[in-house]
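Asks: could you look at this predicted model? Sequence included:
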Amino acid sequence: MRSLIPSLFLLLGATWAQAQELRPHAYADGPQKLHGLVTDHSGARRPGVLILPAWMGIDDEARTAAKELAQLGYIAFIADIYGEGNVPTDFNSARQAATHYKTAYAAYQHRIALALEQLKELGADPDRIAVIGYCFGGTGALEAARGQLPVKGAVCIHGGLGKGDRPNGPIGTSVLILHPEADASVSPADLASITEELNAAKADWQMITYAHCGHTFTNPASKEYNERMARRAWAHTLLFLEEVLRGG
């Protein structure tokens, strides 16, 4: 029976995602205004998933993920990392903005922590929260784990894996890394480093590599989109969330 769960999840998500609505949710980091999106079920004590979008900010891939998660009974909240007035308009500005937060990792962790607080205030069970992220957001998911933020699981989807010259530290959350095999932005040294980091922490971790896939393989708007592998990656994400948030 359990082997049918991924297929059922995908069928339900594909059937109902378009019917879901996302509503804006305003919050702030001091004077900086932030604008996230939240799914239905807010106010209900359900497991929550924080979604960290890619480097261009909140996009259709993040919105689709949130809607599908809502249909599976999660409260999903899409974080605004950059803030009002700072959303990139092109790849160059996105690269600069993302590089800033990757370098100033404590500021990135702080923005993620603020979004997690919003998710709790919106009704998510504080003991059943996970974070998933795409690209720049995937790096953020790892930063949530490195920063020991209060999440049960972190899913890095084609994210950057490096952490610079920082020493390894404790990682208490479960980590799932979904890595495209032909991702030119991730070096062999990065792969070796993240493996060593997670093993040094004795973390509960898993990495799944997707063959013949470039960096943005899960994004239908990308030239690198690989439908089959994207479908598998989403199924793996759902299985992970089911386990860490519902004990599946």
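Replies: Nice, thanks for sending it over.

Asks: where do the strands sit along this protein?
Replies: Per DSSP state E, the chain carries strands over the ranges 23-29, 32-38, 46-52, 75-78, 124-134, 153-157, 174-180, 205-210.

Asks: rebuild those strands as TSV, extending it with mean neighbour count, distance to Val186 and mean pLDDT.
Replies: All C-beta spots, glycine's among them, are computed from the backbone N, C-alpha and C. Listed next are the strands of the chain as TSV, based on neighbours: other CB atoms under 10 Å; distance: least, CB to CB, whole Å; pLDDT from 0 to 100:
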stretch	mean neighbour count	distance to Val186	mean pLDDT
strand 23-29	13	29	97
strand 32-38	19	28	98
strand 46-52	27	17	97
strand 75-78	29	24	96
strand 124-134	23	14	97
strand 153-157	28	11	98
strand 174-180	24	7	98
strand 205-210	16	11	98
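
Asks: what's the biggest helix by length in the chain packed up against?
Replies: Of all segments of type helix in the chain, defined using DSSP state H, the longest is helix 227-246. Helix 227-246 sits against helix 5-16, strand 46-52, helix 60-71, strand 124-134, strand 153-157, strand 174-180, strand 205-210, with contacts defined as 3 or more CB pairs under 8 Å, 6 or more residues apart in numbering; DSSP states H and E.

Asks: which one of these lies closest to Phe217?
Replies: Comparing the helices and strands packed on helix 227-246 against Phe217 with CB to CB, the closest turns out to be strand 174-180 (4.7 Å).

Asks: can you list contacts of the closest one?
Replies: 142, 145, 152-159, 161, 186, 191, 194, 198, 203-210, 213-215, 217-218, 224, 226, 229, 233, 236-237, 240, 243-244 (CB atoms under 8 Å, 6 or more residues apart in numbering).
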